[in-house]
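> Give me coordinates for this.
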Amino acid sequence: MFSIHAARQLRDFALDVAFSVEQGETLVLIGENGAGKSTVLNLISGILAPDRGELILGERTLFSSEKGINISTERRNIGHLFQSYALFPHMTVAENVAFGLRCRKISKPEIAASVAEHLGAMRLAELADVNVGRLSGGQRQRVALARALVLEPELLLLDEPLAAVDMRAKSAMRKELRVQIANAGIPCIVVTHTLQDVRELADRICLIEGGRIAADGAPEEVLGMRENGFIASFVEG
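Numbers count the residues shown, from 1 in each chain. Below you'll find the model as predicted:
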């Protein structure tokens, strides 16, 4: 389980959010551009620090302003898939997936076995020695997800995970992503601007407006709030 109660002063407003995600649950964050969704992910992964608050993952406190705790990004054991995928363009598929394991000083045989396992799970084995610059958007997405999951994270953060995927491939990729998230069995937080992503990935939705949580509930409950301007345009647009 993961829980957050964090506040940070941003340029245009004060972000202040509180929510939790159960083991194996996928929470999807929706809202206008600039509402604070990606900032929330960055606070969780440690790229940014809250001004105050507390982040707890399982039995570990990742951040606590009261206790003076701020665990570094690399020690949080969180898989963070960025919208751009942030792959290393000069590396092969296998080298990208292995990067985090090498940083952890894991032995070469263990790295090779883990990389092979995750490339197989993502149907990337035949592309192991291909430079990532030659891949399609969907293939790059799978490489980025494999790189995140090979570290056996305790929490998975996905920022617009299908944004770079070709429109014709998105339906299949959503189903595949749902399977991979379910197989990981860990809390997962997804940011998206796409209704179909919400419908196929979300166990629960949080609507963020101006840095605050305006709604939190089951997909049918939140998407049914047509009196809310964003929800109305999101569902009907």
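> Please, where are all the strands along this structure?
Listed in chain order, the strands of the chain (DSSP state E) span 2-9, 14-21, 26-30, 52-57, 60-64, 69-70, 78-81, 155-159, 188-191, 204-209, 212-217.
> could the ones you listed be laid out in TSV, adding mean pLDDT, mean neighbour count and distance to Gly138?
Where C-beta positions appear, they are placed from N, C-alpha and C, glycine not excepted. Output for the strands of the chain, formatted as TSV (pLDDT from 0 to 100; neighbours: other CB atoms under 10 Å; distance: least, CB to CB, whole Å):
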stretch	mean pLDDT	mean neighbour count	distance to Gly138
strand 2-9	98	18	28
strand 14-21	98	18	26
strand 26-30	98	24	20
strand 52-57	98	19	30
strand 60-64	98	19	32
strand 69-70	98	14	36
strand 78-81	94	23	14
strand 155-159	97	24	15
strand 188-191	98	25	17
strand 204-209	98	21	25
strand 212-217	98	16	31
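> Tell me which of the ones you listed sits nearest to Gly137.
strand 78-81 (13.2 Å; CB to CB).
> tell me which strands and helices the closest one is in contact with?
Packed against strand 78-81 by the contact rule (3 or more CB pairs under 8 Å, 6 or more residues apart in numbering; DSSP states H and E) you find helix 37-45, helix 137-149, strand 155-159.
> Given that strand, what are its sheet partners and their directions?
Using DSSP bridges, the strands paired with strand 78-81 are strand 155-159 (parallel).
> Taking strand 14-21 as reference, get the angle to the strand it pairs with.
Interaxial angle of strand 155-159 relative to strand 14-21 (axes from the mean of the first three to the mean of the last three CA atoms, to 10 degrees): 130 degrees.
> Send over strand 155-159 as PDB, restricted to the C-alpha atoms.
The C-alpha coordinates for strand 155-159 follow below in PDB (Å, rounded to 0.1, in the frame of the first residue of the first chain):
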ATOM      1  CA  LEU A 155       5.200   1.100  -6.700                       C
ATOM      2  CA  LEU A 156       4.700   1.900 -10.400                       C
ATOM      3  CA  LEU A 157       4.100   5.500 -11.800                       C
ATOM      4  CA  LEU A 158       3.100   5.900 -15.400                       C
ATOM      5  CA  ASP A 159       2.900   9.400 -16.900                       C
END
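> Can you tell me what sits against that strand?
Residues outside strand 155-159 that contact it (CB atoms under 8 Å, 6 or more residues apart in numbering) are 2, 21, 38, 41, 44-45, 57, 77-83, 148-149, 177, 181, 184, 186-191.
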